[in-house]
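**Q** got a sequence here, can you model it:
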Amino acid sequence: MLIARIPIALLLIGGFALAQQTDPIQTGPPKVAKPAPPKLTFTDRMRAYLQRTGSTIDESKSTPDMVVSNYPDAKGGKVTIVLVNDRRRNLLGFYIYNFGSIKGAANKDEVYKYLLAANDSITIGSFFVDADDDIGYKYLVSSAQAMSQPAFEYAYFTMAAVARERKPEIKRLLGPGNDNKDERSPDVKKAAEKPPGTR
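**A** Residues are numbered from 1 along each chain as shown. Next up is the predicted model:
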């Protein structure tokens, strides 16, 4: 009786071991790890953001760390918004110039007072006067983490709206002689080389 049980036990153990082995036909070929997608450049990321805004990129003025974009105005004009990759400080900067210069303005104090009051009332960014006495508007955000599309659009559209709303009054305060200042700077203030400081 014992002799009869041993072969049965061996058959059961062998069948159990075979049942645990996987059939190579069922598993398919071994999986190969997919290579990581190539890391997007700053320009690629900005281009992806801007595609959804209806803006165009001025390739002739853009550089690897600066994208010059033009957002169409409802009145047929455009707002030029410069996007700067500040690698040193790990910041993404949105810059708008085209407001004019306080150089030669008779009422500089009134212009400064208006810019300070505007900074208190706008939701993002701030107006500033750079070392060349040109008025600009900027917003800086950390680039340590990727910005979401809605966050980018909020910043971009808000800045365009503020520039459209504030520009006429700034031009009026500066007086005559600042009307053609809009697109004179071919390198858009070289914002990538020296992100404009404030005074």
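**Q** tell me which element residue 137 is part of?
**A** strand 135-142 (DSSP states H and E).
**Q** also residue 80?
**A** Going by DSSP H and E, residue 80 is in strand 78-86.
**Q** who are the packing partners of the following helix or strand past that strand?
**A** Per DSSP H and E, the first helix or strand lying C-terminal to strand 78-86 is strand 91-96. When contacts are defined as 3 or more Cβ pairs under 8 Å, 6 or more residues apart in numbering; DSSP states H and E, strand 91-96 sits against strand 78-86, strand 135-142, helix 149-174. Yep, even glycine has a C-beta here, placed from its N, CA and C like the rest.
**Q** tell me what angle strand 91-96 forms with strand 135-142.
**A** 160 degrees (axes from the mean of the first three to the mean of the last three Cα atoms, to 10 degrees).
**Q** if we can go back for a sec, can I get the helices and strands packed on strand 91-96 in TSV with distance to residue 125 and mean pLDDT?
**A** Shown next, in TSV, are these (distance: least, Cβ to Cβ, whole Å; pLDDT from 0 to 100):
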stretch	distance to residue 125	mean pLDDT
strand 78-86	11	95
strand 135-142	3	96
helix 149-174	6	95
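**Q** how about CSV for those, with distance to residue 58 and mean neighbour count added?
**A** Formatted as CSV, the helices and strands packed on strand 91-96 follow (distance: least, Cβ to Cβ, whole Å; neighbours: other Cβ atoms under 10 Å):
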stretch, distance to residue 58, mean neighbour count
strand 78-86, 8, 22
strand 135-142, 17, 20
helix 149-174, 15, 17
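**Q** paired strands for the strand holding residue 137, with orientation please.
**A** strand 91-96 (antiparallel), strand 126-129 (antiparallel) (DSSP bridges).
**Q** what sits against the nearest residue to residue 137 once chain neighbours are set aside?
**A** Distances taken as Cβ to Cβ, 6 or more residues apart in numbering place residue 96 nearest to residue 137, at 4.5 Å, with adjacent residues excluded. Residue 96 sits next to 79-82, 136-138, 159-160, 163 when contact means Cβ atoms under 8 Å, 6 or more residues apart in numbering.
**Q** could you measure from residue 96 over to residue 39?
**A** According to Cβ to Cβ, to the nearest Å, residue 96 and residue 39 sit 29 Å apart.
**Q** low-confidence ranges in the protein?
**A** 1-30, 32-33, 35-38, 177-199 (pLDDT under 70).
**Q** tell me the contacts of the residue minimising distance to the centre of it?
**A** In the chain, the residue lying closest to the centroid (Cα atoms, centre = their mean) is residue 46, at 5.4 Å. Residues in contact with residue 46 (Cβ under 8 Å, 6+ apart) are 57, 67, 69, 83.
**Q** quick one: these as JSON lines, columns for distance to residue 168 and secondary structure too.
**A** Below are those laid out as JSON lines (distance: Cβ to Cβ, whole Å; DSSP: H, G, I helix; E, B strand; the rest coil):
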{"residue": "57", "distance to residue 168": "27", "secondary structure": "strand"}
{"residue": "67", "distance to residue 168": "27", "secondary structure": "strand"}
{"residue": "69", "distance to residue 168": "22", "secondary structure": "strand"}
{"residue": "83", "distance to residue 168": "25", "secondary structure": "strand"}
